[in-house]
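Visitor: Okay, here's the prediction I keep looking at, along with the sequence it came from:
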Amino acid sequence: MHKRTLIQTAVAAALLAAGGLALAQDNTFKIGLILPMTGQQATTGRQIEAAARLYMAQNGDTVAGKKIQLIVKDDTSLPDVTRRLAQELVVNDKVNVLAGFGITPSAMATAPIATQSKTPQVVMAAATSAITEASPYIVRTSFTLPQVSVALADWAPKNGIKKVVTLVTDYGPGIDAEKFFASRLQFNGGQVTEALRVPLRNPDFAPFLQKVRDAKPDALFVFVPSGAGAAVMKQFLERGMDKAGIKLIATGDVTDDDQLNDMGDGALGVVTSHHYSAAHPSATNKKFVEAFTKANKNLRPNFMAVGGYDGMRVIYEALKKTGGKGDGDALLAAMKGQIFESPRGPVFIDAQTRDIVQNVYLRKVEKKDAQLYNVEFDVIKDVKDPGKTK
């Protein structure tokens with residue numbers, strides 16, 4: 001009798017423990033953050049992870065009764081690795097949201113998994129226009145290259161720049177930047193005299209820049225992914241292209257806040273168009289920059305950081321709105337149409353395209369407090385992705 005009671009007690013305890021474990025798992029909300037933490041795009045991963053952790057530190061790790069768990073994976077910017085990690089996170093870890101995605105091929109590789117498993121995929125970095133069309137479960141909090149390229153093509157002809165050579169990295173966002181810049185410049189009476197494309201992996205800009213120097217355009221328009229801007233700037237100056245009267249104009253990836261101070265005074269005066277600068281003068285941004293630099297040993301946040309920070313906000317707010325329901329469709333519906341004040345300025349998630357609508361700024365590299373910054377001098381408000389307004 002005593003033995004039977006002991007067995008019954010043990011079984012009850014095991015069931016209770018199993019139930020408790022299930023309940024604990026049920027009360028956890030998992031975010032699988034897939035980022036390039038090593039390799040060529042490592043700065044992207046470092047910035048986004050730091051921003052995600054800052055958001056959690058500021059807003060707590062419990063939302064609508066759910067404990068938030070951030071699972072960070074390094075895909076080294078290889079799409080096959082991204083796909084495998086996404087599959088493992090969905091099947092084994094049972095994540096509620098997939099997030100991150102440093103480059104376009106990685107975001108695209110994950111899209112079918114997001115669709116099949118009905119898992120929201122929050123793209124915090126990758127910037128090719130077509131990404132949100134790859135899955136109805138993709139929401140973007142970064143930007144698109146058409147969004148930022150068009151503004152520069154409007155500015156250039158008004159400022160004496162008519163003949164331009166374009167130099168872009170040869171993959172999705174670079175091709176977007178080249179196409180939308182060229183068509184708008186032409187519309188405004190300018191001309192792209194040559195379109196150059198450099199490989200994504202281990203690029204050598206030297207032969208391309210020599211071609212540009214020989215062509216003697218009014219300006220060189222550049223897009224390269226975050227982290228590669230310093231190399232372009234260095235080689236541009238080494239070839240004396242600025243002294244030859246060739247202006248450098250670019251998307252903000254080139255004068256990346258993360259690397260700008262290392263570029264030296266040769267970067268002064270470079271005009272770029274982008275959606276975020278650490279020097280953006282709003283109170284919200286000043287607080288964000290101060291908190292980010294303090295939490296990360298004086299590392300300055302860049303546009304990748306703001307994509308990660310806002311991505312976490314979109315996830316948190318969706319979870320609140322659903323009352324803690326981790327269901328993919330409910331979360332997705334709650335992400336659509338969100339409007340908020342970001343460190344970059346006012347933004348909203350377009351309910352139809354699931355893409356971000358935001359201000360785009362024209363900026364010039366200037367020195368402030370003995371440091372280099374992208375200082376905004378003009379703004380185009382509420383810019384939708386031109387790639388989706390055909």
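Guide: Noted; the coordinates are in hand.
Visitor: Low-confidence regions, this structure specifically.
Guide: Along the chain, the parts satisfying pLDDT under 70 run over 1-25, 389-390.
Visitor: Show the residue spans covered by the helices in it.
Guide: 2-26, 42-59, 79-91, 104-117, 145-158, 172-187, 206-215, 229-238, 260-263, 283-295, 303-321, 328-335 (DSSP state H).
Visitor: And these: which comes nearest Pro346?
Guide: Minimum separation from Pro346 across these (CB to CB) falls at helix 283-295, 9.8 Å. From N, CA and C alone the C-beta is placed, and that goes for glycine too.
Visitor: Now the closest one: buried residues?
Guide: Residues of helix 283-295 classed as buried: 285, 288-289, 291-292 (neighbour count, 16 or more other CB atoms under 10 Å).
Visitor: and what of stretch 31-48?
Guide: 31-37, 39-48.
Visitor: Going by neighbour count, which residues of stretch 355-372 are buried?
Guide: For stretch 355-372, by 16+ other CB under 10 Å, it's 355-366, 372.
Visitor: show me the contacts for the spatially most central residue of the chain.
Guide: Residue closest to the mean C-alpha point of the chain, counted by CA atoms, centre = their mean, is Ala125 at 2.0 Å. Applying CB atoms under 8 Å, 6 or more residues apart in numbering, we find Ala125 in contact with 35, 44, 48, 100-103, 142, 226, 304, 307-308.
Visitor: Which members of those are the farthest-apart pair?
Guide: Longest span within the contacts of Ala125, CB to CB: Ile103 and Gly308, 14.6 Å.
Visitor: Distance from the chain centre to stretch 275-282, please.
Guide: Here the centre of stretch 275-282 is set off from its chain's centre by 15 Å, with CA atoms, centre = their mean, to the nearest Å.
Visitor: Quick one: end-to-end distance for it.
Guide: 13 Å (CA to CA, to the nearest Å).
Visitor: Residues touching that stretch, excluding its own?
Guide: In contact with stretch 275-282 (CB under 8 Å, 6+ apart) are residues 143, 147-148, 252, 257, 285, 289, 300-303, 306, 341, 343-345, 358-361, 363, 368, 373-376.
Visitor: what residues are up against Leu332?
Guide: 120, 136-137, 139, 318.
Visitor: Please tabulate the residues you listed in JSON lines, including the columns neighbour count and distance to Leu89.
Guide: Below are those laid out as JSON lines (neighbours: other CB atoms under 10 Å; distance: CB to CB, whole Å):
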{"residue": "Pro120", "neighbour count": "27", "distance to Leu89": "13"}
{"residue": "Pro136", "neighbour count": "13", "distance to Leu89": "19"}
{"residue": "Tyr137", "neighbour count": "26", "distance to Leu89": "14"}
{"residue": "Val139", "neighbour count": "28", "distance to Leu89": "17"}
{"residue": "Ala318", "neighbour count": "26", "distance to Leu89": "18"}
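Visitor: Quick check: phi and psi on Thr255?
Guide: phi -100, psi 50 (degrees, to the nearest 10).
Visitor: wait, what's in contact with it?
Guide: Residues counted as contacts of Thr255 (CB under 8 Å, 6+ apart) are 229, 233, 263, 267, 270, 272, 363, 365, 374.
Visitor: Which member of these is positioned nearest Ala219?
Guide: Val270 (10.5 Å).
Visitor: which one is that closest one nearest to, not counting chain neighbours?
Guide: Val365 (4.7 Å; CB to CB, 6 or more residues apart in numbering).
Visitor: From what I see, that neighbour and His274 are in contact.
Guide: No - look at Val365 against His274 with CB atoms under 8 Å: they stay out of range, at 11.9 Å.
Visitor: which residues are in contact with both of those two?
Guide: Asn374.
Visitor: gap between the spatially closest residue to Asp350 that is not a sequence neighbour and Ile71?
Guide: What sits nearest to Asp350 in space, not counting adjacent residues and going by CB to CB, 6+ apart, is Val357, at 5.4 Å. With distances taken as CB to CB, to the nearest Å, Val357 is found 30 Å from Ile71.
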